[in-house]
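K.L.:
3D model of this:
(one chain, ligands or ions: 1)
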Amino acid sequence: PEDAPWWTRAVVYQVYPRSFADSDGDGIGDLRGILGRLDHLAELGVDVVWLSPIYASPQDDNGYDISDYQAVDPMFGTLEDLEELIAALHDRGMKLVMDLVVNHTSDEHPWFVESRDPDSPKRDWYWWRPPRAGMAAGAPGAEPTNWRSFFEGPAWELDERSGEYYLHLFSRKQPDLNWENPAVRDAVYSMMRWWLDRGVDGFRMDVINLISKDIALPDGVVTDGLLADGSASYVCGPRIHEFLAEMHKAVFAGRPERLLTVGEMPGVTVEQARDFTDPAREEVDMVFQFEHVGLDHGPGGKFDVRPLRLRDLKASFGRWQTALADVGWNSLYWDNHDQPRIVSRFGDDGRYRRESATMLATVLHLHRGTPYVYQGEELGMTNAHFTRFDQYRDIETLNHVAVAKTVGTGSDEDLLAGIAATGRDNARTPMQWDGSPNAGFTTGTPWISVNENYPTVNAEAERADPGSVFHYYRALIALRHDDPVVALGDFTMLLPDHEHVYAFTRRLGGVTLTVLGNFSGEVQETGLELGELVLGNYPDPAGSALRPWEARVHRS
Ligand code: ISL
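P.N.:
Okay, here's the model as predicted:
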């Protein structure tokens, strides 16, 4: 246990800068806003801050479209502000992990601007292709492949200048870089070294398992309409392990012990994740997988929501715990800037908001892996509960609405219900600091509405209340720091078929922790023999039955 990497005992906190704290009243969060709120992070006890993109960007996808990797967007501040933030975090014993978005750039990045010229040496830095054989550029279906973009419509955009198309798996303002070209890879690695030399402590790598494409660019199988899922050609593509191993050698070799790397990997399987995180292969420390956040998606995709079946969640998490037990490492998350709020999603954000938020936290944090807390999760912040289309800002949501309205099936009511349940803006409403106007987030007009529940759900109120979600998160984080069983114990699932109770043990050196979570608003009998209570979300201890949304950790 002593020689286990430091991040087995660490908890990471994600800051989405646009929505965290605004220091200058323009309605958008910024770096000086974060600097003013470091006491909150220190009090919570987190070890690492992961900062979503603050680089120069046209903000088509809130900064995940970068036009200069080595500049801070003026909207967020200056490079000096960032250096001050790094130093201030280090002074308090915390690390800073930056977002690395290198599957694509902005179409306004100088590399892409140059690449539009067919004769430029940068032409091959992106995926340029002529129209489909025998078809005129711009004709319906003339795109080089039939792939659908993640944000609706074809994954190819025609550029009139050359009459060729470029690939964009996300928005048309996010052209995909061509990782086949060694000059692209070198440019990325040297940019990464530049940041490490400035003191950053690692990277969260955006959709990093999409960087290697099948160069034959085959069509996908069409299921409806004209477009197809092309993911077989780019999810964990042919050279992905080679590229990540090469990156590790070029960027991290010789200095990895203080660093943390986490690869965001939609569609990654548990077998692949084990390889990616096998320390002997030197690729990444851990990955974000997506299985558990797809369990409530219906046949119509993420906006077609159905209730979670707890057995599916247990089967999924259980499989990941087992597969990465001896080799590799899990990351653990409920929320981030792309997911709805967990207390609204799998809990009860009304009567049992406090109980269900803390139960969900207990179950997640007691697994083996590195937990990630997304800003506001530690307050039990809820979904936005928007009721009108004009309240939404996210490109994925807005494109989905536009397509649904064109297709014209389904009512506005159903459409609004879908985006209210799973839209990404649920996680992007401003951080709720106190009960003052705009929740203390800004003195100006926030770029997206503040959740109406801020007078009761806010950091100031929760700091003053020992029974709050905030203080419960503090206790959970401290438990991981102090108890080697939480960090490194073996995992065994209990009651896998129980429909409402999540139960498991962690074991190390003769100590057993038993973790219980009631995923319902009714009393549930477990029939389990339990030891001394270490942590629980009800003030008074009870017997073997679990009260509504109760969570407990017992030691024996
Ligand atoms: O948000 C999603 C659910 O529909 C995913 O498809 C998401 O786009 C995917 O997880 C990749 O996310 C990352 O890359 C995107 C960016 O929009 C997300 O915010 C980022 O986390 C493109 O850079």
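K.L.:
state the distance from Val293 to Val305.
P.N.:
Distance, Val293 to Val305, by CB to CB, to the nearest Å: 12 Å. No exception for glycine: its C-beta is placed from N, CA and C like everyone else's.
K.L.:
please, which helix or strand holds Met247?
P.N.:
Using DSSP states H and E, Met247 sits within helix 240-247.
K.L.:
from the chain's centre, how far out does that helix sit?
P.N.:
22 Å (CA atoms, centre = their mean, to the nearest Å).
K.L.:
show me what it is packed against.
P.N.:
With contacts defined as 3 or more CB pairs under 8 Å, 6 or more residues apart in numbering; DSSP states H and E, helix 240-247 has these neighbours: helix 182-197, helix 270-277.
K.L.:
please identify the deepest-packed of the ones you listed.
P.N.:
Of all the helices and strands packed on helix 240-247, helix 270-277 carries the top mean neighbour count, a mean of 19, counting by mean count of other CB atoms under 10 Å.
K.L.:
could you check the angle that one makes with helix 240-247?
P.N.:
Helix 270-277 and helix 240-247 are oriented at 20 degrees to each other (axes from the mean of the first three to the mean of the last three CA atoms, to 10 degrees).
K.L.:
so where do the helices sit in the stretch 51-200 of the chain?
P.N.:
With DSSP state H, counting those that start in this stretch as the criterion, the stretch 51-200 of the chain has helices at 79-91, 110-115, 182-197.
K.L.:
what helices or strands is the last one leaning on?
P.N.:
Okay, so that is helix 182-197. Helix 182-197 sits against strand 68-72, helix 240-247, with contacts defined as 3+ CB pairs under 8 Å, 6+ apart.
K.L.:
what residues does the shortest one touch?
P.N.:
It stands for strand 68-72. By CB atoms under 8 Å, 6 or more residues apart in numbering, the residues outside strand 68-72 that reach it are 31, 54-56, 78-79, 81-82, 109-110, 191, 194.
K.L.:
which one of the residues you listed sits closest to the ligand?
P.N.:
Distances from the ligand to the contacts of strand 68-72, taken as CB to the nearest ligand atom, are shortest for Tyr55 (12.2 Å).
K.L.:
relative to Asp39, how far out is the spatially most central residue of the chain?
P.N.:
Geometric centre of the chain, nearest residue: Asn336, 4.0 Å, by CA atoms, centre = their mean. Separation of Asn336 from Asp39 (CB to CB): 23 Å.
K.L.:
same question, Glu114
P.N.:
For Glu114, the distance to Asp39 - CB to CB - is 45 Å.
K.L.:
so the two - more neighbours on which side?
P.N.:
Glu114 (13 against 10; other CB atoms under 10 Å).
K.L.:
contacting residues for the nearest residue to Phe76 once chain neighbours are set aside?
P.N.:
Excluding its sequence neighbours, the residue lying closest to Phe76 (CB to CB, 6 or more residues apart in numbering) is Ile54, at 4.3 Å. For Ile54, the contact set (CB under 8 Å, 6+ apart) comprises 17, 31, 63, 72-73, 76-77, 82.
K.L.:
could you pull out the strands for the stretch 251-400 of the chain?
P.N.:
Counting by DSSP state E, counting those that start in this stretch, the stretch 251-400 of the chain has strands at residues 260-264, 286-288, 297-298, 301-305, 331-332, 370-374.
K.L.:
what's the pLDDT at the residue of the chain positioned farthest from its centre?
P.N.:
Distance to the chain centre peaks in the chain at Gly134, reaching 41.9 Å (criterion: CA atoms, centre = their mean). As predicted, Gly134 sits at a pLDDT of 95.
K.L.:
separation between it and Ala142?
P.N.:
For Gly134, the distance to Ala142 equals 9 Å [CB to CB].
K.L.:
what does the stretch 351-500 of the chain put close to the ligand?
P.N.:
396, 424 (CB under 6 Å from any ligand atom).
K.L.:
got any ranges where the stretch 351-500 of the chain has weak pLDDT?
P.N.:
Filtered on pLDDT under 70, the stretch 351-500 of the chain yields no residues whatsoever.
K.L.:
repeat that with 90
P.N.:
Counting by pLDDT under 90, the stretch 351-500 of the chain shows low-confidence ranges at 407-410.
K.L.:
try the chain
P.N.:
The chain contains residues with pLDDT under 90 at 1-3, 223-226, 254-258, 300, 407-410, 527-531, 540-544.
K.L.:
kindly report the residues of it close to the ligand.
P.N.:
So far as CB under 6 Å from any ligand atom goes, the chain lies against the ligand at 61, 64, 101, 150, 170, 206-207, 264, 266, 302, 337-338, 396, 424.
K.L.:
tell me, how many residues neighbour Gly444?
P.N.:
13.
K.L.:
surely it meets Gly27?
P.N.:
Yes. If you go by CB atoms under 8 Å, Gly444 and Gly27 touch, sitting 4.3 Å apart.
K.L.:
nearest spatial neighbour of Arg193, skipping sequence neighbours?
P.N.:
Val251 (5.7 Å).
K.L.:
so how far is the first residue of stretch 216-224 from its last?
P.N.:
Length of stretch 216-224, first residue to last, CA to CA, to the nearest Å: 23 Å.
K.L.:
pull out the buried residues from it.
P.N.:
For stretch 216-224, a neighbour-count test (16 or more other CB atoms under 10 Å) marks 217, 220 as buried.
K.L.:
residues in contact with it: which ones?
P.N.:
Outside stretch 216-224, the residues touching it (CB under 8 Å, 6+ apart) are 127, 129, 144-147, 228-233.
K.L.:
nearest to the ligand, of those residues?
P.N.:
Ser231 (10.7 Å).
K.L.:
shouldn't that closest one be in contact with Met265?
P.N.:
No. Using CB under 8 Å, Ser231 is not in contact with Met265, being 11.9 Å away.
K.L.:
of those two, which one has the most company?
P.N.:
Using other CB under 10 Å as the criterion, Ser231 and Met265 rank with Met265 on top: 23 against 17.
K.L.:
who does the helix or strand in which Arg552 is found pair up with?
P.N.:
Per DSSP H and E, Arg552 falls inside strand 551-555. For strand 551-555, the paired strands and their directions (DSSP bridges) are strand 511-518 (antiparallel), strand 532-536 (antiparallel).
K.L.:
flag every buried residue along the last one.
P.N.:
Neighbour-count burial for strand 532-536 flags 534-536 (criterion: 16+ other CB under 10 Å).
K.L.:
ok, now the longest one?
P.N.:
Taking 16+ other CB under 10 Å as the neighbour-count basis, strand 511-518 is seen to contain the buried residues 512-518.
K.L.:
partners of the next helix or strand after it, with directions?
P.N.:
Note on strand 511-518: by DSSP H and E, the next helix or strand toward the C-terminus is strand 524-525. Sheet pairing of strand 524-525 (DSSP bridges) gives strand 545-546 (antiparallel).
K.L.:
can you give the contact residues for the strand it pairs with?
P.N.:
501, 516-518, 523-526, 552.
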